[in-house]
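Student: Take this sequence and fold it.
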Amino acid sequence: METSHSVGKNLVANTLTTMFTVPSRTRVHWNMLYAVNHTSSAKNFSAWWYDASEGVSVTIVESYPISSKNYFLLDGNAYIVLDEGDQIQVKSETGSTCSCLVTLEIENKPTIQKFL
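Tutor: Here you go, the predicted model:
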């Protein structure tokens, strides 16, 4: 059974922020990312999936310019599957005032699985 969950944070400029870490014995479908630029000029926004099983960060959005008082939305018919320990990480550029929201579907797993 899946449970819907959203996480929202006001970002500290130029600081890597972990939006969500997948708990043990769960799998997550990450299906939405929303970032808002509250400043009076365009600011860049980046997002990563940290794949704990590989120990690498995979870029999802890199230095995407969000114009003043506007937003970036990543949603649609696709999603990213996250496993235990994986993280969603975001960062806005220096001098920015941004908020970020992610929506997830969380599935409990009865056993731990590793894929090669």
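Student: what's the most centrally placed residue in the chain sitting at in phi/psi?
Tutor: Nearest residue to the geometric centre of the chain (CA atoms, centre = their mean): residue 88, 3.8 Å. Dihedral pair for residue 88: phi -110, psi 120, per degrees, to the nearest 10.
Student: so how far is residue 24 from residue 84?
Tutor: Distance, residue 84 to residue 24, by CB to CB, to the nearest Å: 5 Å. To be clear about C-beta, it is placed using only N, CA and C from the backbone, and glycine gets the same treatment.
Student: quick one, which of those two is more surrounded?
Tutor: Between residue 84 and residue 24, counted using other CB atoms under 10 Å, residue 84 has the larger neighbour count: 18 against 8.
Student: Assess the claim that that one and residue 52 are in contact.
Tutor: Yes. Counting by CB atoms under 8 Å, residue 52 is a contact partner of residue 84 at 7.1 Å.
Student: any low-confidence regions in the chain?
Tutor: When residues are selected by pLDDT under 70, those of the chain lie in 1, 111-116.
Student: Check which helix or strand the nearest residue to the residue nearest to the centre of the chain once chain neighbours are set aside maps to.
Tutor: Closest residue to residue 88 apart from its sequence neighbours, by CB to CB, 6 or more residues apart in numbering: residue 19 at 4.4 Å. Element membership of residue 19, judged by DSSP states H and E, is strand 17-21.
Student: elements contacting that strand?
Tutor: Secondary-structure packing of strand 17-21 (3 or more CB pairs under 8 Å, 6 or more residues apart in numbering; DSSP states H and E): strand 2-10, strand 87-92, strand 98-108.
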